[in-house]
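J.: What follows is a predicted protein model with its sequence.
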Amino acid sequence: MAGITHVVENSLQYAKSLSADQIIAVYVAFEREDERKFEEKWKKWQPDVRLVTLHSHYRSIIQPLTKFVDTVEHKASELNYRATVVIPQFIPKKGWHNILHSQSSLLIRTFLLYRRNVVVTTVPYHLKK
């Protein structure tokens with residue numbers, strides 16, 4: 001997730017509907033100070049949801065995230081479960097506005113679709129303005 005937003009809140013509500021006690025929120029930080037600030041905000045906002053922060057030295061989201069998902073998937077398969085990755089994505093009112101926004105969710109989803117025992121779910125959040 002990129003931060004604490006309505007998009008993330010919407011996706012978190014969906015994740016809680018799947019499983020109330022097995023949710024892990026993941027934040028990829030590029031700076032240690034940003035990581036620390038986000039962890040403090042998260043503890044106040046969602047104290048019951050486990051947060052894992054991954055630090056990326058090279059400003060890459062994909063590499064640390066896929067490594068983490070591989071670890072979770074391995075542990076889930078040992079317990080005969082499937083890991084589900086919930087990806088928040090906001091949908092602008094006009095389709096052409098998509099080119100103006102980061103396409104991180106599409107990139108993450110593309111990489112994760114090749115994981116054999118990982119379910120990838122995109123939760124759309126439609127912008128009103």
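T.: Okay, I see it. Every value quoted in this text rests on a predicted model; they were computed, and no experiment measured them.
J.: What's the local residue count around residue 31?
T.: 11 (other CB atoms under 10 Å). To be clear about C-beta, it is placed using only N, CA and C from the backbone, and glycine gets the same treatment.
J.: Give me the distance between it and residue 20.
T.: With distances taken as CB to CB, to the nearest Å, residue 31 is found 32 Å from residue 20.
J.: Determine the longest helix present in the protein.
T.: For the chain, the longest helix by residue count, based on DSSP state H, is helix 62-78.
J.: isn't residue 98 right next to residue 89, touching?
T.: No: taking contacts as CB atoms under 8 Å, residue 98 lies outside contact range of residue 89: 9.9 Å.
J.: So between the two, which is more surrounded?
T.: The neighbour count for residue 98 versus residue 89, taken as other CB under 10 Å, is higher for residue 89 (18 against 14).
J.: what are the bridge partners for the more buried one, then?
T.: residue 124 (DSSP bridges).
J.: What's the separation between it and residue 106?
T.: Residue 89 sits 8 Å away from residue 106, going by CB to CB.
J.: what do you get for residue 36?
T.: 29 Å.
J.: Next: residue 56.
T.: Note on residue 56: its distance to residue 106, by CB to CB, is 18 Å.
J.: can you check residue 96 too?
T.: Distance, residue 96 to residue 106, by CB to CB: 16 Å.
J.: ok, now residue 127?
T.: Counting by CB to CB, the gap from residue 127 to residue 106 is 17 Å.
J.: Would you map the strands across this protein?
T.: Ranges of strands in the chain, per DSSP state E, are 24-29, 50-55, 83-91, 118-126.
J.: Mind putting those into TSV with mean pLDDT?
T.: Converted to TSV, the strands of the chain look like this (pLDDT from 0 to 100):
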stretch	mean pLDDT
strand 24-29	95
strand 50-55	95
strand 83-91	89
strand 118-126	91
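J.: With residue 6 as the reference, name the closest of those.
T.: strand 118-126 (6.4 Å; CB to CB).
J.: Which strands and helices lie in contact with the closest one?
T.: Helices and strands touching strand 118-126, by 3 or more CB pairs under 8 Å, 6 or more residues apart in numbering; DSSP states H and E, are helix 6-18, strand 83-91, helix 104-112.
J.: Thank you kindly, that will do.
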